[in-house]
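Q: Dropping a prediction and its sequence here:
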Amino acid sequence: MSIYVDADACPVKAEVEKVGTRHGLRMFIVSNGGLRPSQNPLVETVIVPDGPDVADMWIAERAGPGDVVITGDIPLAARCVESGAQVLKHNGEALTAANIGNVLATRDLMADLRAADPFRQGGGKGFTKADRSRFLDALERAVRAAAR
């Protein structure tokens, strides 16, 4: 069992390392660069070449049953769910075979709405302490479920 983190703009890398270390799991922190490597021997920092979705492809090619993937990228999440991995968003929301279709459809709808209104400003909600706490709890549950 391994934990894969889509690390570009990931606000919970430290939390992943904390939970992964407690369970003695191998963790892969995957990005295009710009990250300080962890000194933790269980953490492998993977720097992929620049390019669209290169980090996503690296993770999707490796994640499978028994693994946990942390990402906010919905198409990557769909590929990982399909391969049998457990997937969590940064706020602790689990993406599963039961909900990934709706999440993908909502993502596509929101992209269309943003494209239709170029003057629309703002984005999503900020990342809160409650999100961080929810994520820690969800990751702990996902790791235990994957171990079964």
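A: Looks like it came in fine.
Q: Contacts for stretch 57-64, please.
A: 2, 4, 6, 28, 30, 46, 48, 69, 71, 76, 79-80, 83-85 (C-beta atoms under 8 Å, 6 or more residues apart in numbering). Using the backbone N, CA and C atoms, a C-beta is placed for each residue, glycine as well.
Q: how about Gly66, what does it touch?
A: When contacts are counted by C-beta under 8 Å, 6+ apart, Gly66 is found next to 1, 84-85, 146-147.
Q: From Leu25, how far out is it?
A: Note on Gly66: its distance to Leu25, by C-beta to C-beta, to the nearest Å, is 10 Å.
Q: Setting aside sequence neighbours, what's the nearest residue to the residue most central in space within the chain?
A: Note on the chain: the residue nearest the mean C-alpha position is Thr71, at 1.6 Å, using C-alpha atoms, centre = their mean. Excluding the flanking residues, the one nearest Thr71 by C-beta to C-beta, 6 or more residues apart in numbering is Asp6, at 3.8 Å.
Q: residues near that neighbour, how many?
A: The criterion is other C-beta atoms under 10 Å. On that basis, Asp6 has 24 neighbouring residues.
Q: Ramachandran coordinates for it?
A: phi -80, psi 90 (degrees, to the nearest 10).
Q: what bridges to it?
A: Beta bridges link Asp6 to Val30 when assigned by DSSP bridges.
Q: is it true that it touches Ile74?
A: No. At 11.0 Å, Asp6 does not count as touching Ile74 under the criterion of C-beta atoms under 8 Å.
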